[in-house]
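1. When you get a sec, could you give me coordinates for this:
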Amino acid sequence: FMELYYDDLDLVKETFNNGLENISKQGLEELPVDRGFPPTSGALVWAKRMKIRISKPQEEFPNIEIRSIFECEKGRITQERYLEMVDILEAFEIEIYDSWKEKVPVDISRGMDKFLLIKNKDGSLEMNFDIELVTAMKEIRNLKSYGKTDLPDIANELHEHSDNLWVSMNCFIMHSTHCL
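-> Coordinates of the predicted model:
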């Protein structure tokens, strides 16, 4: 058991390092997460899944007799490696989230400064949400569902009004279309 767990910790560390390399070359979008996730919440889920993977054996064997396998030399080394990897993953999560918190107010302000409705050549109206604004709205929704409560004020305000914004814009477009 100990050898397999030790090897799994190595594999997770290698996967994490490869992910960091991809991030440095191509950005958060290149992490292997579900396609529906925006970059920041996707990166947080990616790290959380790795943390769950390495924590599961720790949780599966709470009884003292089995936990005694961690008392041998290889067990202590494995436990240290586990704790080190948890620290690395948690630091990564904090860095990613803090970076997003610094960037998102600019993205939201820039997106809201643009015309949110545009008139097409045929006279019809369509929503003109900036991709960064749409991404911010998705990130905020996901991060709130993950229990993040310390979002920037502008992000909380956008989240509070995002449903109304979409509905109002769609109603306005539908009403305008019927009037044309």
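2. C-alpha from now on. contacts and neighbour counts both.
-> OK.
3. Toward the C-terminus from the helix or strand bottoming out on mean pLDDT in the chain, list the very next helix or strand.
-> When each helix and strand of the chain is scored by mean pLDDT, DSSP states H and E, helix 64-67 comes last, with a mean of 55. Sequence order places helix 73-113 as the next helix or strand after helix 64-67, per DSSP states H and E.
4. packing partners for whichever helix or strand comes after that following helix?
-> Following helix 73-113 in sequence order, the next helix or strand is strand 117-119 (DSSP H and E). Packing contacts for strand 117-119, counted by 3 or more CA pairs under 8 Å, 6 or more residues apart in numbering; DSSP states H and E, involve strand 125-127.
5. buried residues in the strand it packs on?
-> 125-126 (16 or more other CA atoms under 10 Å).
6. Repeat that for stretch 80-93.
-> By 16+ other CA under 10 Å, the buried positions in stretch 80-93 come out as 81-82, 85-86, 88-90, 92-93.
7. contacting residues around the helix or strand harbouring K144?
-> With elements taken from DSSP H and E, the one containing K144 is helix 131-145. Contact with helix 131-145 is made by 38-41, 104, 107-108, 111-112, 151, 155-156, 158-159, 162, as judged by CA atoms under 8 Å, 6 or more residues apart in numbering.
8. ditto for stretch 87-100
-> 40, 43-44, 47-48, 50-51.
9. What's the PyMOL syntax to select whichever of those are buried?
-> Selecting only the buried entries of the contacts of stretch 87-100 in PyMOL, with 16+ other CA under 10 Å as the criterion:
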select buried, resi 40+43+44+47+50+51
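10. Could you list the low-confidence segments of the chain?
-> Across the chain, the ranges flagged by pLDDT under 70 are 1, 61-70, 163-180.
11. let's go with 80 and repeat that
-> 1-2, 29-35, 58-72, 75, 114-120, 123-129, 161-180 (pLDDT under 80).
12. Now do the contacts for the residue at minimal distance from the centre of it.
-> Nearest residue to the geometric centre of the chain (CA atoms, centre = their mean): S41, 1.1 Å. S41 makes contacts with 139, 142-143, as judged by CA under 8 Å, 6+ apart.
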